[in-house]
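1. here is a sequence with its predicted model. Questions after.
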2 protein chains.
Amino acid sequence: MEGNSVAMKGREIILGILKNGPHTGYEINDILQTRLNHFFDATFGMIYPTLKKLEAEGLVTKQQVTQTDKPNKNIYQITDTGMTVFQKALREPTSDDILKSDVLMRLYFSEDLADNDICTFLDEEIRRKSDKLAALQAQLQTWLDQGMTETQRITFDYGVASYNATLAVLKAARSKYNI
Amino acid sequence: MEGNSVAMKGREIILGILKNGPHTGYEINDILQTRLNHFFDATFGMIYPTLKKLEAEGLVTKQQVTQTDKPNKNIYQITDTGMTVFQKALREPTSDDILKSDVLMRLYFSEDLADNDICTFLDEEIRRKSDKLAALQAQLQTWLDQGMTETQRITFDYGVASYNATLAVLKAARSKYNI
DNA sequence: CAATACATGTAAGTGGTTACATGATTAG
DNA sequence: CTAATCATGTAACCACTTACATGTATTG
């Protein structure tokens, strides 16, 4: 039906982040939540087990750091093997993106719903997307200061454009209801 | 961290399609691939087992139809219990949408990639999105003729807007490379 | 005095995906 | 002769998700 390419998964994505310097699981989550949030979802429940597996496979190494004022932490660093694995994955053919929108699904099926309910859905989504757009835009300057590649800029612009375009449709739809 | 709402899954989505009339698994796939394609991914490997579970739970009933010119088929119809389950799910609080973009991921990490490789990624994605946009727009008239609700129109407009906005960013990025 | 930032992990579950298996008819 | 349309299913796998468990220091 489609090509047999396989998307980069948590494994490769964590390797990619580690490629630019050693990090803790907590920091990896932070990067994922702020800069990649509009095209990837991360949870600690995925990050820590993946880091453990990566270490067992020899793709990363762990360094334990004892801290007195804060909890102890584990700093992970990518190995040469890890680097090779990542570089190979990066060059595979790309695969289709995957979008699952619960709100669009509700709208699709909402013919027997009251206008009031539909407006609640729309309002919720407008709020959510506005917040995400604001969060993304808020850290552009920091990102630029810390070093943003040209291709990372594309991912940023993509996010902003996507949020703006979909927000416009959502708001236009919302304005047709007198509630 | 976030609300505890749970998105509608394959189960509820199939019930939703069956709510508007009986269908075979094959037809359900068709609807999903054409009208909901931009916000939901369906495969036969998910549809048939789900239909089986739904039948076991008494939410749908199966009617076997023997055909001579084509393979036999099973027509599924929603039951009253199925209807109740669906209507309840529809009224739950909505949850965040989920986007996983392999291409944006590659772009994010592509600093050590040659311009040539980046262009390949961009071209692939432009092609894919153009095709999907064309496919979506191509069946607007059929959809309107067969009966499109106002809220379904929102999901259509959302798709078109999203494709157009992201295509614009992709094309602008592509035009910066002289390849 | 509550929330947030810092920090790491496990166990159980699940909602799928991928690959395989089968096969007739029709259109180009 | 090839591809597409019609049509249904299973088995194995797996990458996560959800929920739980634990704790300090700082900020408002």
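-> Sure, I can see it. Numbers count the residues shown, from 1 in each chain, chains lettered A, B, ... in the order given.
2. how's chain A carved up into domains?
-> Listed domain ranges for chain A are A:10-90, A:102-174 (source: automatic domain parsing).
3. what are the buried residues along stretch A:43-51?
-> Going by neighbour count (16 or more other Cβ atoms under 10 Å in any protein chain shown), the buried part of stretch A:43-51 is A:46-47, A:50-51. For the C-beta atoms, the positions are set from N, CA and C on the backbone; glycine is no exception.
4. just stretch A:93-108 next, same as before
-> A:94-97, A:99-108.
5. just those: which are in strands?
-> Residues of the buried residues of stretch A:93-108 located in strands (DSSP state E): A:99-100.
6. which of the buried residues of stretch A:43-51 sits closest to chain B?
-> For the buried residues of stretch A:43-51, the residue nearest chain B by Cβ to the nearest Cβ is residue A:46; the value is 12.5 Å.
7. which residues of chain A fall in helices?
-> Along chain A, counting by DSSP state H, helices occupy A:10-19, A:25-34, A:44-56, A:80-90, A:102-108, A:115-138, A:140-146, A:150-174.
8. columns mean pLDDT and distance to residue B:147 on top of those helices, output as JSON lines?
-> Formatted as JSON lines, the helices of chain A follow (pLDDT from 0 to 100; distance: least, Cβ to Cβ, whole Å):
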{"stretch": "helix A:10-19", "mean pLDDT": "98", "distance to residue B:147": "42"}
{"stretch": "helix A:25-34", "mean pLDDT": "97", "distance to residue B:147": "42"}
{"stretch": "helix A:44-56", "mean pLDDT": "97", "distance to residue B:147": "42"}
{"stretch": "helix A:80-90", "mean pLDDT": "97", "distance to residue B:147": "46"}
{"stretch": "helix A:102-108", "mean pLDDT": "98", "distance to residue B:147": "13"}
{"stretch": "helix A:115-138", "mean pLDDT": "96", "distance to residue B:147": "18"}
{"stretch": "helix A:140-146", "mean pLDDT": "94", "distance to residue B:147": "44"}
{"stretch": "helix A:150-174", "mean pLDDT": "98", "distance to residue B:147": "19"}
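9. between these, which one is nearest to residue B:176?
-> helix A:150-174 (8.0 Å; Cβ to Cβ).
10. counting by contacts, list what the closest one packs against.
-> helix A:115-138, helix A:140-146, helix B:102-109, helix B:150-174 (3 or more Cβ pairs under 8 Å, 6 or more residues apart in numbering or on different chains; DSSP states H and E).
11. and with 6 Å instead?
-> Helix A:150-174 makes packing contacts with helix A:115-138, helix B:102-109, helix B:150-174 when contacts are defined by 3 or more Cβ pairs under 6 Å, 6 or more residues apart in numbering or on different chains; DSSP states H and E.
12. of these, which stretch is the most buried?
-> Using mean count of other Cβ atoms under 10 Å in any protein chain shown, the stretch among the helices and strands packed on helix A:150-174 with the greatest mean number of neighbours is helix B:102-109 (a mean of 26).
13. residues in contact with that one?
-> Here helix B:102-109 makes contact (Cβ atoms under 6 Å, 6 or more residues apart in numbering or on different chains) with A:7-8, A:16, A:39, A:94-95, A:151-152, A:154-155, B:121, B:125.
14. intersect the residues you listed with the contacts of DNA strand C.
-> Among those, no residue is within reach of DNA strand C (Cβ under 7 Å from any atom of the strand).
15. what's the closest of the residues you listed to residue A:72?
-> Among the contacts of helix B:102-109, and counting by Cβ to Cβ, the member closest to residue A:72 is residue A:16, at 25.6 Å.
16. any idea how many residues pack against the closest one?
-> If you count neighbours by other Cβ atoms under 10 Å in any protein chain shown, residue A:16 ends up with 21.
17. and the gap between residue A:145 and DNA strand C?
-> Distance of residue A:145 to DNA strand C, given as Cβ to the nearest atom of the strand, to the nearest Å: 17 Å.
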